[in-house]
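Asks: Just the structure for this:
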Amino acid sequence: MKKLKQDEGGMFFERLSTHRMVASIKEPKQIEIALSLKHQLSGVFLLTGHIGVIKGYVDLFNKHQLPVFLHLEKIGGLSTDAYGMDYLAKVIKPTGIITTKTNVVKTAKKMGLLAIQRFFLVDTEGVENIFKSLAQVEPDIIEVMPARIPQMIGEIKKFTTLPIITGGLVYERSQVMDGFKHGATAVSASKTDLWREIYTTEENIIRNIG
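Replies: Numbering: from 1, shown residues only. From the prediction side, this is the model:
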């Protein structure tokens, strides 16, 4: 199981180097749209569903080889203790998880799941809180929210080499590009129009493919 997750994790990091948009799925109807655009997304963040349906969603993304991460605080009925995380890793089998909680990051990594830790920069202590959290346990990826303060990405990059994804309050093309300009590896967005564009690492250009 752990080798499988490592392979899937490697695929996600490889996709991040060429596809810089993560589809943040907040309602089931967005699943089909994400699957139709799978060749230009690095992966999906699933923020909808409950224990009764989530395996079906994950199986679908796995079938299409599109990395899928479950936001544990958004999925109903999932326990984040060791037993719940063991069930998640062995039965539901996502690529990884998203959480705001440091102890959950630690458990997920023990289970062989990729762990993305989400941080909210709500005040001037936000960056310091990230530093303190990373000193306790290091996730595989950091997600920083909201994306509308991209200047803070540079501050975070001063003390970590982890990939940084930024998201939240992203509505326009220019806001996505601001994240890249300030050093974000990728941007997560729930607006499907933004999924339909190609974001290149080599050039700060976007080609809309309609």
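Asks: which helices and strands does the helix or strand hosting Asp86 pack with?
Replies: For Asp86, the host element (DSSP states H and E) is helix 82-87. Contact partners of helix 82-87 among helices and strands, from 3 or more C-beta pairs under 8 Å, 6 or more residues apart in numbering; DSSP states H and E: helix 102-110. Quick note: C-beta positions are derived from backbone N, CA and C, even for glycine.
Asks: And the average pLDDT for the helix or strand just after the helix it packs on is what?
Replies: Note on helix 102-110: by DSSP H and E, the next helix or strand toward the C-terminus is strand 114-120. For strand 114-120, mean pLDDT rounds to 96.
Asks: how about the helix holding Asp86: buried residues?
Replies: Using 16 or more other C-beta atoms under 10 Å as the burial criterion, the residues of helix 82-87 that qualify are 84-85.
Asks: Could you number the chain from 11 rather than 1 from now on?
Replies: New numbering, starting at 11: the last item is helix 92-97.
Asks: Work out the gap between the helix or strand following it and the centre of the chain.
Replies: Next helix or strand after helix 92-97 toward the C-terminus (DSSP H and E): strand 106-109. Distance, stretch centre to chain centre, for strand 106-109: 7 Å (C-alpha atoms, centre = their mean, to the nearest Å).
Asks: distance of Val68 from Ala118?
Replies: Going from Val68 to Ala118 by C-beta to C-beta, to the nearest Å gives 15 Å.
Asks: who's more crowded, these two?
Replies: Using other C-beta atoms under 10 Å as the criterion, Val68 and Ala118 rank with Ala118 on top: 27 against 21.
Asks: Helices of this structure, start to end?
Replies: Taking DSSP state H, the helices of the chain run over residues 12-26, 39-46, 64-73, 92-97, 112-120, 136-146, 161-167, 183-191, 202-205.
Asks: residue ranges with poor pLDDT in the protein?
Replies: Counting by pLDDT under 70, the chain shows low-confidence ranges at 11-19, 210-220.
Asks: Nearest the geometric middle of it, what residue?
Replies: Phe55 (5.2 Å; C-alpha atoms, centre = their mean).
Asks: how deep is Pro149 tucked in, by neighbour count?
Replies: Neighbourhood size, Pro149 [other C-beta under 10 Å]: 27.
Asks: isn't it right up against Arg128?
Replies: No: at 9.3 Å, Pro149 does not count as touching Arg128 under the criterion of C-beta atoms under 8 Å.
Asks: before we move on, the earlier item: can you dump the C-alpha coordinates of the helix holding Asp96 into PDB?
Replies: Taking C-alpha atoms only, helix 92-97 is exported to PDB below (Å, rounded to 0.1, in the frame of the first residue of the first chain):
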ATOM      1  CA  ALA A  92      -5.500   6.300  13.700                       C
ATOM      2  CA  TYR A  93      -8.400   3.800  12.900                       C
ATOM      3  CA  GLY A  94     -10.200   6.200  10.600                       C
ATOM      4  CA  MET A  95      -7.000   7.100   8.700                       C
ATOM      5  CA  ASP A  96      -6.100   3.500   8.400                       C
ATOM      6  CA  TYR A  97      -9.500   2.800   6.800                       C
END
